[in-house]
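Novice: here's a sequence, model it:
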Amino acid sequence: MENIAVIGIGALGKRHLQSLMNLKDDYSIYAVEVNKEVIQRLKDEMPEAHFCTSITELPEFISAAVIATNSNIRRLVFEQLISHCNISNILFEKVLFQREEDYYSVQEKIRDYGINAWVNCARREWDSYKDLKIELEICKKMYFYAAGGQWGIGCNGIHMLDLIEFLFDSKIKELNIDKLEKGVFESKRKGFYEFFGTISGGSEKCKDFRISCIQDSSLPFNIEIDTNSARYIIDEGHNSLFTASEKSGWKWMKREFLPLYQSQMTERVIKNILDKGTCNLPDYESSMELHLKFIKPLVRFFNMNGMEGNVCPIT
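Specialist: Now for the predicted structure:
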C-alpha cells in the first residue's frame, strides 16, 4: 500500500486532493490541514481520504507528498515532514519560498535525505504545450510576449518563466525588472503582495521575452510567440491557439488549445513518479535556479518599496 499525502488543503491543495482520490485500491490518501472547518466540509465530499490536523498524525512511511501551503511557511512544513516521515518523493507548489537562504537549506536536506523532488510548474504537463514545443524545434529566432490585466505577475510569473525555458529548451540568462511600476499592493491572500509592470530578459534560443501585468485593466491574458517562420497567439482562457506561418502564406488559422486542470493532473504526475521515477515537471534543482533568478531581484524591488527583512512576500 502506497501512502500519499497532501499538506495544506486550500483552494489549490483541494484540487490536488481531488485528483489523487482517483487513484484506486493500492493507495492511501492523507490530507493535512490545520483548519478543522475545512476538514469537516471535505470529509463528506471525500470520505475515503484520511484527514489530519498535524503532520505528526501521518504514517511513518510516505511514498509521495504534495506541499501545497503558502510560500512563507513551506520550508518549515518541509522540515516538519522530513523529521516525522520517511519520505521518497515530494512535489512542491510554487512560488517555492520567500527567502534566498530557504532555497539552499531545502536543497541541502533534499540531497542529504535522498529525496526526489519536483516543482509544480504545471504547463509542462499540458499536451497542447508539448505539441507546440515540437513545432518550435525547427524555428531559429524566437520571441515571447505575455500580457494581461490583473493576472498576478508575482504569484504566476514563475509559470511564464518556466514555460519559456520549457518551450525553447534553454535556460533564461538574465532577468530585468527595471520596467516594474513603483509600489506594491496587497493581494487576495492576506500578508502577500503583488506588483505591476513588465519583466523582461532572454535566453539562448528566446532572444527576447516580456511578461506584463497591467493595473486596473480587464485586458485578457494572452501569450504571443514570434519566430522566423511562424507566429502563435495562445488564448488559454478560451482554449484557442491562432497560428500563421510561411507555409500558409501568413494566413491565420485557429485550433483547439486545451488546458490540463490541477484536478486532472496530480493523479497522473504522482503515478508517473511512483511507477517510473520521474515526471514532466521541473526537478527541484533546475526550478530552484530559475526561482532565484526571479526572487533575488524582487527582494531588492520590495526593499525599495518599503518592505523590510530581505523577503519576497509573494505566494
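Novice: contacts only, for the residue nearest the centre of the chain.
Specialist: The residue lying closest to the centre of the chain (Cα atoms, centre = their mean) is residue 121, at 3.2 Å. For residue 121, the contact set (Cβ atoms under 8 Å, 6 or more residues apart in numbering) comprises 94, 158, 159, 162, 163, 166, 281, 282, 287. C-beta here means a position set from N, CA and C on the backbone, and glycine is covered the same way.
Novice: assumed residue 124 was part of a helix.
Specialist: Yes - the assignment for residue 124 by DSSP: H, G, I helix; E, B strand; the rest coil puts it in a helix.
Novice: state the distance from the residue nearest to it when sequence neighbours are not counted to residue 257.
Specialist: Using Cβ to Cβ, 6 or more residues apart in numbering and skipping the chain neighbours, the partner closest in space to residue 124 is residue 280 (4.7 Å). Shown here: residue 280 relative to residue 257, a distance of 17 Å by Cβ to Cβ, to the nearest Å.
Novice: tell me the residue furthest from the middle of the protein?
Specialist: The chain, farthest from centre, Cα atoms, centre = their mean: residue 249 at 36.7 Å.
Novice: neighbour-wise, which of residue 280 and residue 257 wins?
Specialist: residue 257 (22 against 18; other Cβ atoms under 10 Å).
Novice: any weak-confidence spans in the stretch 1-150 of the chain?
Specialist: Applying pLDDT under 70 to the stretch 1-150 of the chain flags no residue at all.
Novice: tell me where the chain has helices.
Specialist: Here the chain has its helices, by DSSP state H, at 11-20, 36-45, 71-84, 100-113, 127-136, 153-168, 262-276, 284-304.
Novice: run the chain-centre distance for the third one.
Specialist: Once both centres are worked out by Cα atoms, centre = their mean, to the nearest Å, helix 71-84 turns out to sit 18 Å from its chain's centre.
Novice: kindly report the same for the second one.
Specialist: Relative to its chain's centre, helix 36-45 lies at 26 Å (Cα atoms, centre = their mean).
Novice: ok, now the first one?
Specialist: A distance of 14 Å separates the C-alpha centroid of helix 11-20 from that of its chain, computed with Cα atoms, centre = their mean.
Novice: just list what that helix packs against, helices and strands only.
Specialist: For helix 11-20, the packing partners by 3 or more Cβ pairs under 8 Å, 6 or more residues apart in numbering; DSSP states H and E come out as strand 2-7, strand 27-32, strand 61-67, helix 262-276.
Novice: list the contacts of the residue lying closest to residue 75 once chain neighbours are set aside.
Specialist: Nearest non-adjacent residue to residue 75, counting by Cβ to Cβ, 6+ apart: residue 102, 4.4 Å away. Taking Cβ under 8 Å, 6+ apart, we find residue 102 in contact with 74, 75, 96.
Novice: for residue 102, give its distance to residue 70.
Specialist: 13 Å.
Novice: got the CA coordinates for stretch 37-48 in PDB?
Specialist: Taking Å, rounded to 0.1, in the frame of the first residue of the first chain, the C-alpha atoms of stretch 37-48 are listed here in PDB:
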ATOM      1  CA  GLU A  37     -13.800  23.600   9.400                       C
ATOM      2  CA  VAL A  38     -12.200  22.800   6.100                       C
ATOM      3  CA  ILE A  39     -11.600  19.200   7.100                       C
ATOM      4  CA  GLN A  40     -15.300  18.900   8.200                       C
ATOM      5  CA  ARG A  41     -16.500  20.100   4.800                       C
ATOM      6  CA  LEU A  42     -14.200  17.900   2.900                       C
ATOM      7  CA  LYS A  43     -14.900  14.700   4.900                       C
ATOM      8  CA  ASP A  44     -18.400  14.500   3.300                       C
ATOM      9  CA  GLU A  45     -17.000  15.200  -0.200                       C
ATOM     10  CA  MET A  46     -14.100  12.700   0.100                       C
ATOM     11  CA  PRO A  47     -14.900  10.100   2.700                       C
ATOM     12  CA  GLU A  48     -12.100   7.800   1.600                       C
END
